[in-house]
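>>> here is a sequence together with a model predicted from it:
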Amino acid sequence: MPLGAATGLAMMAATASGDVFAAAVLLGLAAADIAAGAVGVLVGVAVVGRWGSSSLAALSGGQAVVGAAGWSGPVAMVLSSWAAAFAIVLACPRRRPVPTAATEGATGVSLAGVLACGLLAAALVAGPAAGADPAPVVALRVGASLVAVVVAAVVAGACSRPTARVGALIAAAAAAALAVLA
Amino acid sequence: MTGAQAATLVAALVLPVVGLLGPDDRRTASSGDAERRRRPATFRWPQAGVVVAAAAWLALVVSGAGGHAAGLHITPVVAAAGCGAALIGAASLEGMTKRRSQVATCVALVGVGAALTAGPDGAQAVAVVGGLAVAVFLTYDRGASRWGWAGSAPAFLGAAGVAAYAGGFVLLHDRSGRWTLPATPTLSAETVVAFVVGAALLSVYGTLGDRLTLRRGPNDSQSGPAAPQVGTRSAAILLAGGLALGLSAAPLRASTADVGVAAVVLAAAAVAAAGMRRGTLSLALLALAAAAGPPALAPGARLLAAAGVIAVAVGRPWVWLVAVPGAVSLAMGVVDDGGRLALATAVATAAVAVLLAEAAVDTLAGSEDASAAGPSWSAAGLSPPLGALPAVVAGTWLVIAAGTWTWTGSALGAYDQGMARAVAAGLLAVVGYVLAGQLGVGAGAGVLSRPGTGPPGGRQSSGASGPPSGSTPLPPARPRRRPTQLVRSKRSASPPRPRRPALSQRARPRARSSARPPKGARPPKPRRRPGPPEA
């Protein structure tokens, strides 16, 4: 279930299709953690607060019109987008390795989870839809996705799970508050 | 309504009773063949009749049937409710061996269908009150209840729901002089509140036995997992009927503001029900609260009601995923409306989602422990019974393509597109993972090569890489507990079970103890683990 959910989330984020609240459910399933699902819901509130729709296609289309969310628009909205992306990166699913005598109880980085969270975080900050000239947009999205996936892998490997959970909740709440109140 | 639709409607109403006319191998067995009379029938004609009736209702839903003919009327919501009631009936007939119970369930289905459809141009008072009263009387489980006030409480709840409907019709007659629900939004606030309260009471009555808990079965001392005892109560049929009437009456109010208090109270009750782990009831109450709220929330209310009906028919902890489309539609409605009442409903929805997710994780963790020889769904009581398969199909359809449920009035095109792609990608990934494990390469190799664990799933299934080279695989999984079952039980039926921590919180102490020994301490000797028996 976590592998399938993470792969599905990666597909939704990569193709900019689906609903951000459905993505939140997939994130919770991929991480097998209620807190991750709550982070996804708060990020969904932030997206709705800024773009007026929970559709990932609307998020992508809006960025194609007004510019990438990470550096276009009011400061509060820009900060909200960065906080939402950071929350998604922090909520990246960990995996429990196959239990062996050496790895019993340890946690590691889930490749599918890192990929999904990196793609979703990149879509939140720099995910415009391709317009008449797709080359720069594709380059921007590919570059942002690569950076986000690497950051997600590093953060997932460096932060312990409780720390990442608390940080993700704080960042997601800040993103939602900035988007709704600003 | 066309002639074909009218014929289909009549067939949907009658087919549950027609199924009772089929041969009963227990009845036709010789008097001395006691063993044959004890075992359940291999083919259940009543169940088949109910499933065909559900298909007839579905045909009415898909064809967008509406209108009236021959003293019957139909709307898409009514047709969907009839289909839901039939799905619940099919699930409740699973494992029902007493002929009297089968007859009661099938006749109750006819009663609910008559309550929903009788009347030339809308729900008629006599049909609603009479049909629902018959259904409550027939589905009241007298055998499992105790005598006295406490044992009769469910019957009183159902009767109170029917009485609330009767009161609503009396108020309607006082104001407008008619005994049928109007087609235009002209109902007073008191009338709408009476109908919504009646729907809520019938929802409580229909979901009384839907408390999902894990308790040990009666034959734990025997070796091997016990037979599944999960069964949907036939009283849950009233859930579909009550919700349909409540959802039909709520939009007929003359003003939204008049019933705002009722919507807030229902939302709070939904949160309380979720806190008590009555998931289906919380979904039903949330649907009623959304229906009593702003009109923008109506599609979400219908989707949540459909999710509640499917959930009570399937009765497994993973079935709560069917509520996702309703929650998404509700969120879209909140964005469109933007009022305080919509915001309160959204907050209640979020609280219910968190509480249901926590309950599902807790129950799934218990089920994981319940499987003695590995993460097997059948041993843990997670696989649905055969009679619930139509409901499972409907739930899968709802999760993947909720936008095609046009009778709900929802606009979930973007959701459908993304969810279809996500499900396709997820299934491909899982299939690839399993194939890699069977070929002994890549991701799933370590999981599937572990003896005695069965198919991948559970704790070790989320990985993306196999065990490190040179590591020692663990021995076969040992049974930690006796097999338990996932059953619906009342509070008095089982001792309280201490709540288990979430999966994510249980690995931490083990990681500390094994990864970081205290300073100055001698390195612990490697524990001798019982290995596989030598040849």
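Sure, I can see it. Numbering: from 1, shown residues only, chains lettered A, B, ... in the order given.

>>> does the closest residue in space to A:Leu124 that isn't next to it in sequence belong to a helix or a strand, and which?
Spatial nearest neighbour of A:Leu124, chain neighbours left out: A:Ala85 (4.5 Å); criterion: CB to CB, 6 or more residues apart in numbering or on different chains. Every residue, glycine included, has its C-beta placed from N, CA and C. In this structure, A:Ala85 is located in helix A:75-90 according to DSSP states H and E.

>>> averaged over its residues, what pLDDT does that helix have?
For helix A:75-90, mean pLDDT is 91.

>>> name the helices or strands packed onto that helix?
helix A:34-51, helix A:111-125, helix A:134-158, helix A:161-181 (3 or more CB pairs under 8 Å, 6 or more residues apart in numbering or on different chains; DSSP states H and E).

>>> CSV for those, including mean pLDDT and mean neighbour count?
What follows is the helices and strands packed on helix A:75-90, written out as CSV (pLDDT from 0 to 100; neighbours: other CB atoms under 10 Å in any protein chain shown):
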stretch, mean pLDDT, mean neighbour count
helix A:34-51, 89, 25
helix A:111-125, 88, 28
helix A:134-158, 85, 16
helix A:161-181, 88, 19
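
>>> so the one residue in the stretch 351-500 of chain B that gets nearest to chain A versus A:Val137, what's the distance?
Closest to chain A within the stretch 351-500 of chain B is B:Gly418: 1.6 Å, counting by CB to the nearest CB. Remark: distance between B:Gly418 and A:Val137 (CB to CB, to the nearest Å) = 20 Å.

>>> close to chain A, is the helix or strand harbouring B:Gly326?
In the assignment (DSSP H and E), B:Gly326 maps to helix B:324-337. Yes - applying CB under 8 Å from any CB of the partner chain, one finds helix B:324-337 in contact with chain A at B:324, B:327-328, B:331-332, B:335.

>>> where do the helices sit along the stretch 251-400 of chain B?
B:260-275, B:279-292, B:298-314, B:324-337, B:340-370, B:377-380, B:389-400 (DSSP state H, counting those that start in this stretch).

>>> which of those sits most buried?
helix B:279-292 (a mean of 31; mean count of other CB atoms under 10 Å in any protein chain shown).

>>> quick one: secondary structure of B:His73?
strand (DSSP: H, G, I helix; E, B strand; the rest coil).

>>> contacts only, for it.
When contacts are counted by CB atoms under 8 Å, 6 or more residues apart in numbering or on different chains, B:His73 touches B:67, B:117, B:119-122.

>>> neighbour-wise, which one of those leads?
With neighbours taken as other CB atoms under 10 Å in any protein chain shown, the top of the contacts of B:His73 is B:Thr117, carrying 26 neighbours.

>>> which residue packs closest to that one, ignoring adjacent ones?
Using CB to CB, 6+ apart, the nearest residue to B:Thr117 is B:Leu72, at 4.9 Å.

>>> could you pull out the strands for chain B?
For chain B, the strands defined by DSSP state E occupy B:67-69, B:72-74, B:212-215, B:485-488.

>>> which residue does chain A have closest to chain B?
For chain A, CB to the nearest CB, closest residue to chain B: A:Gly18, 1.6 Å.

>>> could you check how far that residue is from B:Leu412?
10 Å.

>>> in chain B, what secondary structure element scores lowest on mean pLDDT?
Least confident helix or strand, chain B: strand B:212-215 with a mean of 36, by mean pLDDT, DSSP states H and E.

>>> wait, doesn't B:Met318 sit right on B:Ala360?
Actually, residue B:318 is Trp. It isn't Met. Yes - look at B:Trp318 against B:Ala360 with CB atoms under 8 Å: they come within range, at 6.8 Å.

>>> setting aside sequence neighbours, what's the nearest residue to A:Trp51?
Per CB to CB, 6+ apart, closest to A:Trp51 is A:Gly62, 4.8 Å.

>>> okay, the one you found: pLDDT?
Looking at A:Gly62, the pLDDT reads 87.

>>> for it, what is the enclosing helix or strand?
helix A:56-66.

>>> okay, that helix in CSV with CA atoms only?
Provided in CSV are the C-alpha atoms of helix A:56-66 (Å, rounded to 0.1, in the frame of the first residue of the first chain):
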residue,chain,number,x,y,z
LEU,A,56,-3.5,20.5,-9.2
ALA,A,57,-4.2,21.4,-12.8
ALA,A,58,-5.5,24.8,-11.7
LEU,A,59,-2.4,25.3,-9.6
SER,A,60,-0.2,24.6,-12.6
GLY,A,61,-2.3,26.8,-14.9
GLY,A,62,-2.3,29.6,-12.4
GLN,A,63,1.4,29.6,-12.3
ALA,A,64,1.6,29.6,-16.1
VAL,A,65,-0.4,32.8,-16.0
VAL,A,66,1.1,34.8,-13.1
